[in-house]
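Asks: Could you work out the structure for the sequence below:
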Amino acid sequence: MRKLLLKTAGKSSVPSSAVRAALGVVVCAVCVSGISGVNAQTAAPAPAAALNRELIVLRPGGSAPSGGDTARTARLKTVTADSAKIVSPPTRSVISECPAVYEIEPAPPVDSALLFVRHSNGRTDTLAVAASPPYRAAWDCSNVPDQDQTHLQFGYVLYRGDSVALASPPMPHRWALLRGKPSAQPRSYRIKQLAVSDGFEIDCDTSKWSGAESAGIFGGNTEAVFKLLRTGAKLYFIANVRDNSVSGGDFVELHLDIRRDRAVFPGINHRSLRFSPLGRSVFFVGEFADGKYAQSDSVARLLKDEIVWKASVNPNGYVVEAAIPFSVLSDLDSPPSKIGFDVSVTDADGKEEAFYSWAGAERFTRYSPSRWGTALIKDAVAGLKYVLIFALFISAFAIIGFVAYLVLSHRQESKDHKAEIKGVSPLTESVVEQIEKQLSNADLRISDIAKSVNVPPEKIVVALMNDLGCTFEQQLTYKRLKHSQKLMRDPELTIEEIAKRSGFADVYTYKKSYAAQMKVDPGVSKKAMLERIKEDMEAEKEDDDDDDDRL
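Replies: Numbers count the residues shown, from 1 in each chain. Alright, predicted model coming up:
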């Protein structure tokens, strides 16, 4: 049975206060280190309760040092994360269940290892002190709120016989604790286009924003209303925050996911922009590469140089307004029709910070794009109404022609097999019709079709080759693939069910045949088809809403 060299202070010859002081120096030195990508404030030393009062560490096979020597000779050496390999949880993984297993494999020989986890913007949970492998502990996170990649950090301190303590550096952007919520929030906001941007000054004057859609954030003593507008080149943002006591710790954050990938871990195309009424702006952007997260200083400088913003404090609270070029928000030349975004307000009036989010993100999950909502990019309509009406009259004949084309296309699609066998023999037409009726039969053979049309199989082979230039098997596979594409429109059907209903012997054969014909995996085609259907439905709903607004 593995021995842990853990002794209570009452049974040890080492003064517990001295050892606790040494451990406190090690752990607290790690805890106060800065967080890459977050404007973290220096944290106070971890309370003694966070470092188990009853645990001390003795050197295996050696005598315990005196209390004075312990406090005087213990040296802290902060090194890279390579001083130990973190076996569990895997890097860039999401913890969804508790307890979570934390295990490391030290690179150098060690006498013991202290395992801890930091979360909730400064809280540290000491998990265990192990004196022999496996260096493993269970973290009971059941009472810990969800954490994004910035707020959750596992860490360790390695102790060696020469009184050297090797401490892990801060390790953000490696793990997230997310449980129970959907990966994306359902809320959406429409960003209208400014018809004319001339004279739209960043001056915290809310009167010029009358035409923009309003959205509110409410909670406690804080009430905020924000609006967004855009031009072809810039995104405009304003937040009017009611706060009975504006302090230096108050700020508004605008989170943007231009590609709307809803990733758990943010990357180089995600932005979190912080504006403080009594402080400065802070822009968070970076990426995880080569096993570590690094703030992108070049992009941060570009954001600082290109974003124009202003804050104004008033008796009822404060206003923050900003103009943000789209060119500094991602590598896209222009914004797509939908982007991921959220707006959050932090109120630091009391001992505990109050936090509120428009999309429903929590205080310690606000930097995860998976918790943000959606913004719909809308073009200007009101100022161009008469131009559009005129254009509709001019294009009337074109629209009529297009409708006629759609009708003909629909008829042709509904009678696909007739279009494909136009001008062929009656026998080929009958064969194709029977193939479509019986294709769900995985054991379908040419002899079965021959019985259905009452001709020898040899005649079917000749007819298909002369009229369609294909064999019976090729025609059967083609029809099954076409049928599977129709089934892909049903979101409830899995790829396995689609393959079975289309007559394929197994899903492997289906995927192989589909990839050979369509040059893409059927799962990718199904996902793209469902997204296209969903976008078409949303576009129709938005058009109906716009029509209602005009009425």
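Asks: Please tell me how far residue 152 sits from residue 478.
Replies: If you measure residue 152 against residue 478 using CB to CB, to the nearest Å, the figure is 51 Å. C-beta: built from backbone N, CA, C; applies to glycine.
Asks: So which of those two has more stuff around it?
Replies: Between residue 152 and residue 478, counted using other CB atoms under 10 Å, the more crowded position is residue 152 (26 against 17).
Asks: Hmm, the more buried one is touching residue 117, no?
Replies: Yes - proximity of residue 152 to residue 117 meets the contact threshold set by CB atoms under 8 Å, at 7.4 Å.
Asks: need the helices for the stretch 201-350 of the chain, in chain order.
Replies: Taking DSSP state H, counting those that start in this stretch, the helices of the stretch 201-350 of the chain run over residues 297-306.
Asks: Which residue ranges make up the domains of this protein?
Replies: The chain breaks down into these domains under automatic domain parsing: 6-177, 188-380, 415-531.
Asks: now the last one: how far from the chain's centre is it?
Replies: The reference is to domain 415-531. Centroid separation for domain 415-531 versus its chain: 39 Å, with CA atoms, centre = their mean, to the nearest Å.
Asks: State the distance from residue 464 to residue 100.
Replies: Distance from residue 464 to residue 100, counting by CB to CB: 61 Å.
Asks: So these two - more neighbours on which side?
Replies: Neighbours per residue, other CB under 10 Å: of residue 464 and residue 100, the larger number sits with residue 464, 25 against 21.
Asks: ok, now which ones touch the more buried one?
Replies: Taking CB atoms under 8 Å, 6 or more residues apart in numbering as the criterion, residue 464 is in contact with 428, 431, 470, 471, 472, 475.
Asks: And residue 136, by the same measure?
Replies: Residue 136 is in contact with 88, 101, 102, 103, 115, 128, 130, counting by CB under 8 Å, 6+ apart.
Asks: Export whichever strand or helix holds the third one to PDB, keeping only CA atoms.
Replies: In this case it means residue 102. Secondary-structure assignment from DSSP states H and E places residue 102 in strand 100-106. Extracted C-alpha coordinates of strand 100-106, given in PDB (Å, rounded to 0.1, in the frame of the first residue of the first chain):
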ATOM      1  CA  ALA A 100     -12.400  15.400 -11.400                       C
ATOM      2  CA  VAL A 101      -9.200  13.400 -11.300                       C
ATOM      3  CA  TYR A 102      -5.900  15.400 -11.300                       C
ATOM      4  CA  GLU A 103      -2.700  13.500 -11.900                       C
ATOM      5  CA  ILE A 104       0.900  14.500 -12.700                       C
ATOM      6  CA  GLU A 105       4.100  12.800 -13.600                       C
ATOM      7  CA  PRO A 106       7.100  14.800 -12.300                       C
END
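Asks: Note down every partner strand of the next helix or strand after it and its orientation.
Replies: Scanning the chain past strand 100-106 towards its C-terminal end, the next helix or strand to appear is strand 112-119 (assignment: DSSP H and E). Strand 112-119 has the following strand partners under DSSP bridges: strand 123-130 (antiparallel), strand 153-159 (antiparallel).
Asks: if you compare the ones you listed, which one is most tucked away?
Replies: Burial among these, expressed as mean neighbours by mean count of other CB atoms under 10 Å, is greatest for strand 153-159, which shows a mean of 24.
Asks: Now do it, average pLDDT.
Replies: Computed over strand 153-159, the mean pLDDT rounds to 93.
Asks: Likewise for stretch 207-219?
Replies: Over the span of stretch 207-219, the pLDDT mean works out to 89.
Asks: Determine the set of other helices and strands touching the strand holding residue 102.
Replies: For strand 100-106, the packing partners by 3 or more CB pairs under 8 Å, 6 or more residues apart in numbering; DSSP states H and E come out as strand 84-88, strand 112-119, strand 135-139, strand 153-159.
Asks: Out of the contacts of residue 464, grab the one that's most surrounded.
Replies: Once you tally neighbours by other CB under 10 Å, residue 431 ends up highest among the contacts of residue 464, having 27 neighbours.
Asks: Where do the strands of the stretch 201-350 of the chain begin and end?
Replies: According to DSSP state E, counting those that start in this stretch, the stretch 201-350 of the chain carries its strands in the segments 215-219, 222-230, 234-242, 251-257, 270-275, 282-284, 286-289, 292-295, 308-314, 317-325, 338-347.
Asks: farthest pair in the contacts of residue 464?
Replies: When those are compared pair by pair using CB to CB, the two farthest from each other are 428 and 471, 12.7 Å apart.
Asks: Dig out what the nearest residue to residue 104 once chain neighbours are set aside forms beta bridges with.
Replies: Sequence neighbours aside, residue 84 is the residue nearest to residue 104 in space, at 4.4 Å (criterion: CB to CB, 6 or more residues apart in numbering). Note on residue 84: beta-bridge partners residue 106, judged by DSSP bridges.
Asks: how far away is residue 84 from residue 159?
Replies: Separation of residue 84 from residue 159 (CB to CB): 12 Å.
Asks: what touches both of these two?
Replies: Residues touching both residue 84 and residue 159 comprise residue 113, with contact defined as CB under 8 Å, 6+ apart.
Asks: Okay, now the unreliable bits of the chain?
Replies: When the per-residue scores of the chain are filtered using pLDDT under 70, the ranges that remain are 1-78, 80, 162, 180-185, 197, 350-352, 379-423, 542-551.
Asks: Around the closest residue to residue 229 other than its chain neighbours, how many other residues sit close by?
Replies: Of all residues beyond its chain neighbours, the one nearest residue 229 is residue 236 (4.4 Å), with distances taken as CB to CB, 6+ apart. Burial measure for residue 236: 22 neighbouring residues, criterion other CB under 10 Å.
Asks: Report the buried residues of the one helix or strand residue 449 maps to.
Replies: Taking DSSP H and E as the criterion, residue 449 maps to helix 446-453. Judged by neighbour count using 16 or more other CB atoms under 10 Å, the buried positions of helix 446-453 are 446, 449, 450, 453.
Asks: what does stretch 498-512 give?
Replies: Within stretch 498-512, the residues scored as buried using 16+ other CB under 10 Å are 498, 499, 500, 501, 502, 503, 504, 507, 510, 511.
Asks: Repeat that for stretch 262-279.
Replies: 262-267, 269-277.
Asks: what does stretch 234-246 give?
Replies: Using 16+ other CB under 10 Å as the burial criterion, the residues of stretch 234-246 that qualify are 234, 235, 236, 237, 238, 239, 240, 241, 243, 246.
Asks: ok, for residue 529, nearest residue in space, not its chain neighbours?
Replies: Using CB to CB, 6+ apart, the closest residue to residue 529 is residue 488 (5.1 Å).
Asks: Could you report the separation of the one you found from residue 334?
Replies: When distance is defined by CB to CB, residue 488 is 30 Å away from residue 334.
Asks: and whichever strand or helix holds residue 510, what other elements does it pack with?
Replies: With the criterion set as DSSP H and E, the secondary-structure element containing residue 510 is helix 507-518. Other elements packing on helix 507-518 under the criterion 3+ CB pairs under 8 Å, 6+ apart are helix 472-487, helix 495-501, helix 522-550.
Asks: Can you show me the CA trace of that helix as PDB?
Replies: What follows is the C-alpha trace of helix 507-518 in PDB, where atoms were taken according to Å, rounded to 0.1, in the frame of the first residue of the first chain:
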ATOM      1  CA  VAL A 507     -22.800   2.400 -42.700                       C
ATOM      2  CA  TYR A 508     -19.200   1.800 -43.900                       C
ATOM      3  CA  THR A 509     -20.400   0.900 -47.400                       C
ATOM      4  CA  TYR A 510     -22.600   3.900 -47.400                       C
ATOM      5  CA  LYS A 511     -19.900   6.300 -46.400                       C
ATOM      6  CA  LYS A 512     -17.400   4.800 -48.900                       C
ATOM      7  CA  SER A 513     -19.900   5.100 -51.800                       C
ATOM      8  CA  TYR A 514     -21.000   8.600 -50.800                       C
ATOM      9  CA  ALA A 515     -17.500   9.900 -50.500                       C
ATOM     10  CA  ALA A 516     -16.600   8.300 -53.900                       C
ATOM     11  CA  GLN A 517     -19.500  10.100 -55.600                       C
ATOM     12  CA  MET A 518     -19.800  13.400 -53.700                       C
END
